[in-house]
Each structure stands twice: as C-alpha cells, then as structure tokens.
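[1] Turn this into a model:
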Amino acid sequence: MTKFSANLGFLWADLPLPDAIHAAKTAGFDAVECHWPYAYDAQDVKAALQQTGLVMLGLNTVRGKQGENGLSALVGREVEARAAIDQAIEYAVAINTKNVHVMAGFAKGQDAHGTFVSNLRYACDRAEDYGITILIEPLNHYDAPRYFLSKTGQAKTIIEEVGADNIKLMFDCYHVQLMEGDLSNRLQKLQNIIGHIQFASVPDRGSPDHGELDYKHLFKVITDMGYDTPLGAEYKPVEPTYKTLGWMKLFAS
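    Numbering: from 1, shown residues only. This next block holds a predicted model:
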C-alpha cells in the first residue's frame, strides 16, 4: 500500500505549522514534511508531531536574502551557507527529522560547482553524528530559472564527488518530468541514490489526479522498486486543501 507525506509548504499553508500537522493527520497522511519551519518554535512543532504520531520527513535550508533560492552554490557566501546548514540540522535534531534539503541557489559555472560540493561535504560531516541524510533536489528552469541544480545526472555527479554515505537525491517527479521526462526508467536507474520522492501534476503542479503523468503507473513502479517511505505530496491546491484530497483513495492501493 502506497504511503503519503503531506508537504506543509503547500498543503494547509494557511495554517500555523503545528495546526497543519494535525490537519494532515486528520486527513489520513502517513507523515509530513515542510519547507522552512523556522518561524515556529521547534518544541511546538515537536509536540504536534508527538500528539499525532507523525514523523517530519524533511525540511529545507533557508533561501537567503529576498529573491534568492538557497546559498550553498554561491561563491563567496560560504559563511552564510554553512550557518544555514547548521540552523537546519539543529532544527531537524530538535524535531527528530532525518532529512535536510540543502538548497543550492541561483548560480552557474565550475566555481559554483566546487562551492556546492564543498558546502555539501560540510553538511554531510555535520549531519553524520545525528543520523541525518542530506538531500539535493534538481529544480526545473520554468519555476526556478538560473537555479544551479537542474537535472538528475548533474545531481548524481555531485553526489559521487561529495563521496559521503549520507547524501541522496530528492527525486521530485514534477521537476524531473519538466526537465527530462522518462520517469519510470529514471526512477529505476537512480533508485540507489534516491532519498525521497515527491509528486504533483504536470504541468500545473496541482493535485496528481490529472495532467500528463500517470501516477497510478508511477506509484506501482516505485512500489516494485521496494521503496516504502511515504511519498511527498508537494502540489499547489487551487482550493482549500481538504477539498483536493480525492486522489488519496484513488492511489492508496
């Protein structure tokens, strides 16, 4: 049976994070994840997780200044990038979250590549003692023009260069379809380095019951791979979240 995680960056985004956790539990989700939880006291978030019995699967490093989308590939911003990594790991430890997505930011070129690899090695070293996995995620060029990391092959190269056991790929079906397609084969080919899977419809990033992707098929591919971690519903509701959840029964089996 396919399990699902509610990404609270998009689902129930109108609620305070602790309340959104409770809403996800009521709706039948198996886990939750978020983007940037830092406006909320970690103990309040931890209490909501304990009350619901849900696990927070992952969170992101901060974006940086207004208009930025991460710091870790930005040459000359290493001090800020590593402070953001420290912040994310500290928060993750406080709420017992085992994945931290380190955001690369808007950058290009070999210097940016070297900076990203160096900061990821720092992140992996810091995270290792806590049993935390560092995730990197390719983003599409339509939603995130100029984002440094855009394709799974690039991510694989970086993961191999970092050379740590606790760095994995966040495979977002929405982003990968827009940039590369061929999702069934890519999932199978990359399964050994995948640390988390997310989904949304393509091209509108809505609920997964419409659009060009057949999630009934894709979820079977993922199940057949032996992957049993809850899959992250990271879509943008066009109406109150609870009204968009009909897909859960459709794809649960």
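
[2] Give the buried residues for stretch 235-245.
    Tyr235, Pro237, Thr241, Thr244, Leu245 (16 or more other C-beta atoms under 10 Å). For every residue, glycine as well, the C-beta is placed using N, CA and C.

[3] neighbouring contacts of that stretch?
    Contact partners of stretch 235-245, identified using C-beta atoms under 8 Å, 6 or more residues apart in numbering, comprise 7, 10-12, 23, 27, 174, 199-201, 205-208.

[4] same question, stretch 88-97
    Contacts of stretch 88-97 (C-beta under 8 Å, 6+ apart): 37-38, 42-43, 45-46, 49, 55-62, 98-100, 102, 123, 126-127, 130, 132.

[5] Buried only: go through these for me.
    37-38, 42, 45-46, 49, 55-62, 98-100, 102, 123, 126-127, 132.

[6] Out of the residues you listed, name the ones that lie in strands.
    Judged by DSSP state E, the subset of these located in strands is Leu59, Asn60, Asn99, Val100.

[7] could I get those residues as CSV with pLDDT?
    Formatted as CSV, those follow (pLDDT from 0 to 100):
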residue, pLDDT
Leu59, 98
Asn60, 98
Asn99, 98
Val100, 98
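
[8] And the residues you listed, which two are furthest apart?
    The largest separation in those, counting by C-beta to C-beta, is between Asn60 and Asn99 at 9.9 Å.

[9] Tell me which stretches of this protein form strands.
    Along the chain, counting by DSSP E, strands occupy 4-7, 31-33, 59-60, 99-101, 133-136, 167-172, 194-199, 231-233.

[10] Partner strands of the last one, with direction?
    Right, strand 231-233. Strand 231-233 pairs in its sheet with strand 4-7 (parallel), strand 194-199 (parallel), by DSSP bridges.

[11] The strands of the chain: which one's closest to Asp86?
    Taking C-beta to C-beta, strand 99-101 is the member of the strands of the chain nearest to Asp86, at 10.5 Å.

[12] what helices or strands is the closest one leaning on?
    strand 59-60, helix 78-94, strand 133-136 (3 or more C-beta pairs under 8 Å, 6 or more residues apart in numbering; DSSP states H and E).

[13] hmm, try it at 10 Å
    Under the contact definition 3 or more C-beta pairs under 10 Å, 6 or more residues apart in numbering; DSSP states H and E, strand 99-101 sits against strand 59-60, helix 78-94, helix 110-128, strand 133-136, strand 167-172, strand 194-199.
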